[in-house]
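Participant: Here's my sequence, what's the structure:
(chains A and B)
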Protein chains: 2
Amino acid sequence: MEIKIRKAEKTDIPAILELIKELAEYERAPQEVTITEKQLLNDGFSNNPIFEVILAENSEDVLGMAFYFYSYSTWKGMCLYLEDIIVKNKYRGNGIGEILFKEVIKKAKEKEAKRLQWQVLDWNEPAINFYKKKLNAVLDGEWINCKLTEQQIKEFKL
Amino acid sequence: MEIKIRKAEKTDIPAILELIKELAEYERAPQEVTITEKQLLNDGFSNNPIFEVILAENSEDVLGMAFYFYSYSTWKGMCLYLEDIIVKNKYRGNGIGEILFKEVIKKAKEKEAKRLQWQVLDWNEPAINFYKKKLNAVLDGEWINCKLTEQQIKEFKL
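Facilitator: Prediction:
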């Protein structure tokens, strides 16, 4: 299979949303996806985009994507944060995820990022092994993710 | 003590760097801070800033800061990521951290952020209790932080 890699454009928004929804279905949480095409347009394809997407495709179909944004370390400086790599179910097992990951590392290199960061679920052994053995990544399980939801933010008494 | 809250300006960069370094000293890792005033200027005070800083000050001194940037959830949309709240050692215990935290929630509300996110070390019980009991935050320890360092990014064979 010939795989082409390119930066996503506005016209790819439906394909991006489809990938997001497919992953949520796979994780049995489709109701959690509330993002809309309009949000993706405003936030990723305006003059001041918050995120960027790299697509993998063949001549017929979008195969997968890497979705990332710029984060910041107060100790180091500008970092690249990889939010998601999603490969369509039917195209898995062809090394597309690895190709996308390498494209993200390339991007981090170009941008002179001080770190490339991402997260993995602690039970996802195949992924953890890949990150440790193939990428020699630094893993740190000492941190807990905290959040306030949209509803909590809206209702917070200030 | 009268506390004033305001957005940081270019001229606050030395005070911001001082706060970052003070925290690193406190955590016994001063050698880890490689960020420079020039990076902070370029990345936070250009036309397209990657991060923002809210300062707490009294009439004489900067007391502390909240340092955040915009992140993105593929399921929800634009989120606010709180990287650090730092209060100068000598001003701790005056509720300045809590005031800054509330300012960040206010900012998240203004920006209609879909989440406010941050991390806490799993042994930091006082902070965890504050987030759970006072903020009713959602905590999730199932994720592992992964990274490639600047050196690894530079040397990665692509």
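Participant: contacting residues for the residue nearest the centre of chain A?
Facilitator: Centroid-nearest residue in chain A: A:D84, 2.2 Å away (criterion: C-alpha atoms, centre = their mean). By C-beta atoms under 8 Å, 6 or more residues apart in numbering or on different chains, the residues touching A:D84 are A:I20, A:L23, A:M65, A:A66, A:F67, B:T74. The C-beta positions use only the backbone N, C-alpha and C, and glycine is treated the same way.
Participant: same check, this time on A:Y131
Facilitator: A:V120, A:A137, A:L139, B:C146.
Participant: how about it, secondary structure?
Facilitator: Taking DSSP: H, G, I helix; E, B strand; the rest coil as the rule, one finds A:Y131 in the helix state.
Participant: can you tell me how far it sits from B:A113?
Facilitator: For A:Y131, the distance to B:A113 equals 29 Å [C-beta to C-beta, to the nearest Å].
Participant: thinking again about what came up before, bridging residues for the residue nearest to the centre of chain A?
Facilitator: A:F67 (DSSP bridges).
Participant: For stretch A:69-78, measure first residue to last.
Facilitator: End-to-end distance for stretch A:69-78, by C-alpha to C-alpha, to the nearest Å: 10 Å.
Participant: Mind checking if that stretch is in reach of chain B?
Facilitator: Yes - using C-beta under 8 Å from any C-beta of the partner chain, stretch A:69-78 reaches chain B at A:F69, A:Y70, A:S71, A:Y72, A:S73, A:T74, A:W75, A:K76, A:G77, A:M78.
Participant: For those residues, pick the one with the most neighbours.
Facilitator: Within the residues of stretch A:69-78 next to chain B, most neighbours by other C-beta atoms under 10 Å in any protein chain shown means A:Y72, with 26 neighbours.
Participant: Name the helix or strand for A:V120, please.
Facilitator: strand A:115-121 (DSSP states H and E).
Participant: sorry, back to before: among the contacts of A:D84, which one lies nearest to B:G44?
Facilitator: Nearest to B:G44 among the contacts of A:D84, counting by C-beta to C-beta, is A:F67 at 23.8 Å.
Participant: and the closest one, what is it in contact with?
Facilitator: A:I16, A:F51, A:E52, A:V53, A:L82, A:E83, A:D84, A:I85, A:I86, B:Y72, B:T74.
Participant: from those, which ones fall inside strands?
Facilitator: A:F51, A:E52, A:V53, A:L82, A:E83, A:D84, A:I85, A:I86, B:Y72 (DSSP state E).
Participant: Pull the number of nearby residues for the third one.
Facilitator: Read that as A:V53. 24.
Participant: Pull out the buried residues from stretch A:88-106.
Facilitator: A:K88, A:Y91, A:N94, A:I96, A:G97, A:I99, A:L100, A:F101, A:K102, A:E103, A:V104, A:I105 (16 or more other C-beta atoms under 10 Å in any protein chain shown).
Participant: Now do the helices in chain A.
Facilitator: A:13-26, A:37-44, A:96-110, A:125-129, A:150-155 (DSSP state H).
Participant: which one of those has the most crowded surroundings?
Facilitator: The highest mean neighbour count among the helices of chain A, using mean count of other C-beta atoms under 10 Å in any protein chain shown, belongs to helix A:96-110: a mean of 19.
Participant: what does it rub up against?
Facilitator: Helix A:96-110 is contacted from outside by A:3, A:5, A:52, A:54, A:56, A:63-66, A:68, A:80, A:82, A:85, A:87, A:116, A:130, A:134-135, B:148, B:153-154, B:156, B:158, using C-beta under 8 Å, 6+ apart.
Participant: Any of the residues you listed buried? List them.
Facilitator: Members of those classed as buried by 16+ other C-beta under 10 Å are A:5, A:52, A:54, A:56, A:63-66, A:68, A:80, A:82, A:85, A:87, A:116, A:130, A:135, B:148, B:153, B:156.
Participant: Just list whatever residues bridge to A:A56.
Facilitator: Going by DSSP bridges, A:A56 forms beta bridges with A:I5, A:G64.
Participant: Wait, it touches A:M65, no?
Facilitator: Yes - in this structure, A:A56 is within contact of A:M65 by C-beta atoms under 8 Å, at 7.0 Å.
Participant: what about the closest residue to A:E18 other than its chain neighbours, neighbour count?
Facilitator: Once flanking residues are discounted, A:E18 sits nearest to A:V62: 7.9 Å by C-beta to C-beta, 6 or more residues apart in numbering or on different chains. Using other C-beta under 10 Å, A:V62 has 18 other residues around it.
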